[in-house]
Every structure is written in C-alpha cells, then in structure tokens.
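In: need a structure here:
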Amino acid sequence: MLEFIYRKGSKNKTLLMPNTFNELSANQLLDIMRTIIQARDRAVAELEACRILCDLSRISYGMLPLQVKHTLTEHVAWVFDTNTLTVNLLPSYDDLYGPANEFDNFTMKEWNACEIFYNEYTQEENALALDKLVAVLYRPAKPNYDFAKNSDGDCRLPLNINEVPYYEAKIAHWPFEIKMAILYWYDGCRNFLNDLYEVEKSNDKPEVADLFLLIRSLCGEKYGSFHEVENMNVHQVMRELQAAQQELEEFKRKNPTLS
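Out: This next block holds a predicted model:
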C-alpha cells in the first residue's frame, strides 16, 4: 500500500492507495472492471481509477486539493498495464466457489478446459465462451464440506465437463463485471505461471500450448494413466517440466558431442 499524507486546513490527512492488483478489495476490483469495460479515454479512466483506489466517493474525491489529485494520479498507471492479479478476490459468487490463489488447487484437467474457452473468447471473440470458462472455474461446494479445516485444499466438487452447460446457463445472468473480474484473475494467474516456471516451448508460448498433448506426454509408470495425470496440480506438472528441461540441458552440457 502507498501512504499519502497531505495538509488540509490545520490538520494532516492520510490516504492509502493499493499499489498492486492483489491489494485491491473485491469492490475496488469490480469498480476497476467497470471502468475498463466502459472503455473511457485513458486520462479519464486514470482519474476514475485514482478515485477507486483511494476508496472515496466522487464528492470526497472532488474535494481533494488539485495538487494531491495530480500526485495520486501518477501512481495508477499499473492498473492499465501488466495484469498481476493472482489473489482470488471473489472466492465465491451465487453459491458457486472458485479456485485458490495462484492456481494452488488447480488441476491439469481444469487448465486444459479453461484454455480452450479462454482462447475462444480472447482470440475468436466467442462471447459465450466466457460463461463456459467461468463455469469450469466456479462450481458447487462438496456436500457438508468443512471450510475451516479445508482438508482437501479445494471445497469445490470435481470438474465434470458434462455439467458445464448447466452452470453456464446460470452464469450467463451474472453481471458482466463479475465475469470480467474472474477472467482477469485467470489471466493474471496465467501470467504468474509463465513468469514462475522457465519452461521452453518449441514454437508456442506456454499460454497457448496444447495441454492435452502435455498431459498425454506425462502418462506412464511415473505419473500413471491419463486420468491420473489430468488430475495432477498444475504447479506439480510445471515443476516436473522445468526439472526435466534442466536435466536435459545438464546432459547436453556434459555430452556436447551428443547434442
């Protein structure tokens, strides 16, 4: 958090402003999404983002000294730059529950399904794919699940692709800013994975890799059947790929004639 102290009359006033997406409140994130959706002029959008980050009403923000507003506005560019949101600020909505922060309880099966719908929405501009993506991420809780203990590390029922159309119809009625906030979180976690793991791809970057082939390539004695691999945690898989790549590079270094 950034702390700004300014003078108003005879008293010092303090304003706190988030400096990253993960420091936002859920309401601030949704307000930011509304600002982005409205596609305002960048300067106008930055002023509105500044007000949102300061958590002030329009009247209170308008009463700030001009110099204070000018200083604050210099610290909002990050909102419109690289997406670093990895904390799930909307852990549940409308009796459905989302994944943990940073994909901590995310499986390869979920990731594979999500990537299909993510690419359909972002690259093919299929508006319905966003509802499908959210339906994969947000699912009902397991019956009588103890949220305090969280023994499974995931309160959600296992993903059943056959049920996606059912929940997609429910999600279709959610406010667009809710779905956009979830999409933004998903996109931020993808960026996080790409930055966290140094995994080389032959042609495609990790975010557009064919995850079906990746799951298939790990099947065997070490990790088991296709069903077992697709239920592995994405971080475990990425660590395995990174370790395998490092082992290959070390082998090539020690055996240059065989490279």
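In: for the stretch 51-200 of the chain, which spans come out with low pLDDT?
Out: Where the stretch 51-200 of the chain drops to pLDDT under 70, the residues are 200.
In: all strands for it, in order.
Out: 92-93, 96-97 (DSSP state E, counting those that start in this stretch).
In: which strands and helices sit next to the last one?
Out: To tie it back to what came earlier, the one meant is strand 96-97. Other helices and strands packing on strand 96-97, by 3 or more C-beta pairs under 8 Å, 6 or more residues apart in numbering; DSSP states H and E, are helix 164-171. To be clear about C-beta, it is placed using only N, CA and C from the backbone, and glycine gets the same treatment.
In: distance of the residue most central in space within the chain from residue 106?
Out: Residue closest to the mean C-alpha point of the chain, counted by C-alpha atoms, centre = their mean, is residue 185 at 2.3 Å. Distance, residue 185 to residue 106, using C-beta to C-beta, to the nearest Å: 12 Å.
In: same question for residue 6.
Out: With distances taken as C-beta to C-beta, residue 6 is found 43 Å from residue 106.
In: and the strands of the stretch 51-200 of the chain, which is most packed in?
Out: strand 96-97 (a mean of 20; mean count of other C-beta atoms under 10 Å).
In: show residues contacting it.
Out: Here strand 96-97 makes contact (C-beta atoms under 8 Å, 6 or more residues apart in numbering) with 91, 138, 139, 140, 141, 155, 156, 167, 170, 171.
In: from those residues, list just the buried residues.
Out: Among these, the ones that count as buried by 16 or more other C-beta atoms under 10 Å are 138, 139, 155, 156, 167, 171.
In: what sits against the third one?
Out: Right, the one you point to is residue 155. Taking C-beta under 8 Å, 6+ apart as the criterion, residue 155 is in contact with 97, 141, 142, 145, 147.
In: please save the CA atoms from the helix or strand residue 15 falls within in CSV.
Out: Element membership for residue 15 (DSSP states H and E) is strand 11-17. The C-alpha trace of strand 11-17 is given here as CSV (Å, rounded to 0.1, in the frame of the first residue of the first chain):
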residue,chain,number,x,y,z
LYS,A,11,-4.6,19.0,10.0
ASN,A,12,-2.7,16.3,8.3
LYS,A,13,-4.8,13.8,6.3
THR,A,14,-3.8,10.3,5.2
LEU,A,15,-4.8,8.4,2.1
LEU,A,16,-3.9,4.7,1.5
MET,A,17,-3.8,3.5,-2.1
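In: elements contacting the helix or strand following it?
Out: Downstream of strand 11-17, the next assigned helix or strand under DSSP H and E is helix 26-37. Counting contacts by 3+ C-beta pairs under 8 Å, 6+ apart, helix 26-37 is packed against helix 42-53, helix 176-196.
In: residue 131 is nearest to which of those helices?
Out: Nearest of these to residue 131, taken as C-beta to C-beta: helix 176-196 at 7.2 Å.
In: list the contacts of the next helix or strand along the chain from the closest one.
Out: Downstream of helix 176-196, the next assigned helix or strand under DSSP H and E is helix 211-218. By C-beta under 8 Å, 6+ apart, the residues outside helix 211-218 that reach it are 108, 111, 112, 115, 226, 229, 230, 232, 237, 240, 241.
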